[in-house]
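Enquirer: take a look and give me a structure for this.
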Amino acid sequence: MKYKTNAQRRNLLKFAGFTLTATAFPGILQAMDSRIKSTASANFHPDVEIELKMESIMMPIFDGPRTRIWKVYGEVLKGPKQSVVNLNDTHLGPILRFQKGQKIRIFLKNDLHAESILHWHGLHVPSKMDGNPMYAINHGETYVYEFEILNRAGTYWYHAHTHSVTAKQVYSGLAGLLIVHDQEEQSLGLPSGQYDLPIVIQDRTFNRQNQLVYANNMMQRMQGFLGDQIMINGQPDFALKVATRPYRLRFLNGSNSRIYKLAWDDGTPLTVIGVDGGLLEKPETYPYVMLAPAERIELWVDFSNKPVGTELSLKSLEFSAGGMGMMGGMGMMGGMGGRRRMGMGMMGGGMMSNSTIPNGSDFSVLKVRIDRKEQGKEILPKQLTKITSLQVSNAANPGHPRTIRLSMRHMSALLNGRSYKMNDIRPDEIIPVNSLQLMEFDNGFQGMNGMAMPHPMHLHGEQFQIINRQVNSRHQATYATVSKGIISSGWKDTVLVMPGEKVTILKPFNDFKGLFMYHCHNLEHEDMGMMRDLLIQ
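Expert: Now for the predicted structure:
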């Protein structure tokens, strides 16, 4: 079997500009040249070996014509069979379940008539195994991943990460959950098995022939895609049936750009036990929780005191999204009952939205029905884990944070005024390996940044910790609509940066050299260029 170098990467090597950059920063050349050797290593001995295949299929989602989707299927070649759980009745890829410390080999086969590559979102893996767009493979090619699970127990995920078309490929179905377990988590006695439930929230738009609609116009690119059908675990009009006992609910916002303000319709507080990078030190209670694209939360939900027959609704409450201008009350909203079709709704500032559910409006996300009585033995632990707080004094740059300014100008989405290029590492994007870096995302905190919009910022590689949030006076009213639901504790890999906000983080860059991306996880913004590479060397 041949493993060809992808054309995009091969063409880069022809550019004279790249030669100059590589001369100055040889780590880039080493990182890109490693793609040539995407073969199974003789000296890597996997505990789990799986094959993932990407292909185009027709699947029944609604009554009537089947829907064309891009689907990931998995098969265990070696190791525990439960490592791969295919979801044959949804557009989502298989759930991958691994143990911390396992060595994993994945053969990714591309049967699509398009380039693609998968990124392991939140995992701490070598640069070559991270799914950088330069490693995209063509139809008929295979990419081999080999890495050890270094992450603590948590809810992670994987998705397509293909240059300029990530949004459309994820929207078409190239995404799935990746769950890591470890001994510490398993010793806590949290709900498990059928009481440990993953819930992936996405929004989609379908036409009258049941086909996915994705209009790639400039308006949609600037605001980010907003669908008019809320999908849970790849299914429309989803209802979760539960018993009168505790559950562990793992939520992923797998939407392209939609932000959710999650709350129970009866006012019950949300008990959060985990975020992007695993369990919190102890449970935390919130009146609602903000969940931006790519963020994850884990909830402890106890239905013990609810009578059989009770119906609950997990809603997304109204909030202000700043320049996106979408407070509720516009378009067709509320309820998930019935099929939504593509429509047009008015957004703030005179912009038009293709969605009947504007971002920041009030609508139902998930229906829960208590249909049986059971006695659960689990008790919510007062202490979940120990998290060592990172210290600014230990950073390599304690007095000089690396600032990343976010801006939307002239139909462009920029980081420090730059758009994405594969061969464009700047001096301020070079970081020493095995260092702790003080970094800040500035979304118009210091002044105007063009169109003021929220940006969920993601850094590849190790998880980070949030150490400070600041909002300027001009955006205080907007921020007040979300502030009580923003979680800043625990280990994170994606952080929502609201208009007028500056978020300061401490980010380790340990173990691995090479290129690691940072970008907005509003996928349309990413494809517009709001993405860059860091060179760790």
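Enquirer: just the pLDDT for V85.
Expert: What the model reports for V85 is a pLDDT of 98.
Enquirer: how about L459, nearest residue that isn't a chain neighbour?
Expert: Closest residue to L459 apart from its sequence neighbours, by C-beta to C-beta, 6 or more residues apart in numbering: Y518 at 4.6 Å. C-beta coordinates here come from the backbone N, C-alpha and C atoms, glycine included.
Enquirer: can I assume the one you found sits in a strand?
Expert: Yes: assigned with DSSP: H, G, I helix; E, B strand; the rest coil, Y518 falls within a strand.
Enquirer: any idea how far L535 is from it?
Expert: Per C-beta to C-beta, to the nearest Å, Y518 is found 12 Å from L535.
Enquirer: same thing with I61?
Expert: Taken as C-beta to C-beta, the span from I61 to L535 is 42 Å.
Enquirer: what's the helix or strand harbouring E184 packed up against?
Expert: Using DSSP states H and E, E184 sits in helix 183-186. Applying 3 or more C-beta pairs under 8 Å, 6 or more residues apart in numbering; DSSP states H and E, we find helix 183-186 packed against no helix or strand.
Enquirer: now do it: everything it contacts.
Expert: With contact meaning C-beta atoms under 8 Å, 6 or more residues apart in numbering, helix 183-186 is reached by 100, 152-153, 192, 278-279, 385.
Enquirer: isn't P293 up against H525?
Expert: No: if you go by C-beta atoms under 8 Å, P293 and H525 don't touch, sitting 9.8 Å apart.
Enquirer: what do the two both touch?
Expert: Residues touching both P293 and H525 by C-beta under 8 Å, 6+ apart: S257.
Enquirer: hang on, G101 in a helix?
Expert: No: per three-state DSSP, G101 lies outside any helix segment and is coil.
Enquirer: low-confidence stretches in the stretch 51-200 of the chain?
Expert: Within the stretch 51-200 of the chain, no range satisfies pLDDT under 70.
Enquirer: wait, I meant the chain
Expert: In the chain, residues with pLDDT under 70: 1-37, 323-354, 448-450.
Enquirer: try 90
Expert: 1-39, 89, 215-223, 237, 321-356, 409-412, 422-423, 446-452 (pLDDT under 90).
Enquirer: nearest residue to the middle of it?
Expert: Centroid-nearest residue in the chain: A294, 2.0 Å away (criterion: C-alpha atoms, centre = their mean).
Enquirer: make sure that residue is actually in contact with M457.
Expert: No: using C-beta under 8 Å, A294 is not in contact with M457, being 9.5 Å away.
Enquirer: before we move on, what SS does the residue nearest to the centre of the chain have?
Expert: Following three-state DSSP, A294 is assigned to coil.
Enquirer: phi, psi for it please.
Expert: phi 80, psi -10 (degrees, to the nearest 10).
Enquirer: OK, contacts around it?
Expert: Shown in contact with A294 (C-beta under 8 Å, 6+ apart): 121, 157, 252-254, 456, 458, 493-494, 521.
Enquirer: neighbour count added to those, as CSV?
Expert: Below are those laid out as CSV (neighbours: other C-beta atoms under 10 Å):
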residue, neighbour count
H121, 23
W157, 25
L252, 26
N253, 26
G254, 25
P456, 24
H458, 24
D493, 27
T494, 23
H521, 28
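Enquirer: those: which two are farthest apart?
Expert: With distances taken as C-beta to C-beta, the most widely separated pair in the contacts of A294 is G254 and D493, at 14.5 Å.
Enquirer: tell me which stretches of the chain form helices.
Expert: When assigned using DSSP state H, the helices of the chain occupy the ranges 7-12, 16-24, 26-33, 166-172, 183-186, 218-223, 476-480, 523-528.
Enquirer: if the residue nearest to L459 is in a bridge, with which residues?
Expert: On the basis of DSSP bridges, Y518 is bridged to L459, R532.
Enquirer: mind listing what it touches?
Expert: Residues near Y518 by C-beta under 8 Å, 6+ apart: 404, 415, 457-460, 531-534.
Enquirer: joint contacts of Y518 and L535?
Expert: Here Y518 and L535 have no joint contacts, going by C-beta under 8 Å, 6+ apart.
Enquirer: close enough to count as contact, H124 and E462?
Expert: Yes: H124 is within contact range of E462, at 4.9 Å (criterion: C-beta under 8 Å).
Enquirer: shared neighbours, those two?
Expert: Jointly contacting H124 and E462 under the rule C-beta under 8 Å, 6+ apart are N510.
Enquirer: next one: H525 relative to T166, how far apart?
Expert: As judged by C-beta to C-beta, H525 and T166 stand 10 Å apart.
Enquirer: these two: who's more crowded?
Expert: Higher neighbour count among H525 and T166: H525, with 29 against 25, using other C-beta atoms under 10 Å.
Enquirer: mind listing what that one touches?
Expert: 221, 224, 257, 408, 413, 455, 519.
Enquirer: what's near enough to touch K100?
Expert: Shown in contact with K100 (C-beta under 8 Å, 6+ apart): 149-153, 180-183.
Enquirer: make a PyMOL selection of the buried ones in those residues.
Expert: To isolate the buried members of those in PyMOL, using 16 or more other C-beta atoms under 10 Å:
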select buried, resi 149+151+152+153+180+181+182
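Enquirer: taking the contacts of K100 one by one, which sit in strands?
Expert: 180-181 (DSSP state E).
Enquirer: quick check: the two most widely separated of the contacts of K100?
Expert: Between any two of the contacts of K100, the greatest separation by C-beta to C-beta is 14.7 Å, found for L150 and Q183.
Enquirer: got CSV for the contacts of helix 183-186, with distance to M498 too?
Expert: Shown next, in CSV, are these (distance: C-beta to C-beta, whole Å):
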residue, distance to M498
K100, 33
R152, 28
A153, 30
S192, 36
G278, 25
L279, 26
T385, 28
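Enquirer: just curious, which of those residues is nearest to G444?
Expert: If you rank the contacts of helix 183-186 by distance to G444 using C-beta to C-beta, G278 comes first, at 31.3 Å.
Enquirer: that closest one and K492, how far apart?
Expert: Shown here: G278 relative to K492, a distance of 10 Å by C-beta to C-beta.
Enquirer: more neighbours: the two, which one.
Expert: More crowded of G278 and K492, by other C-beta under 10 Å: G278, with 27 against 24.
Enquirer: close enough to count as contact, that one and Y156?
Expert: No: in this structure, G278 is not within contact of Y156 by C-beta under 8 Å, at 9.1 Å.
Enquirer: now do the shared contacts for those two.
Expert: Common contact partners of G278 and Y156 (C-beta under 8 Å, 6+ apart): V180.
Enquirer: sounds good, over and out.
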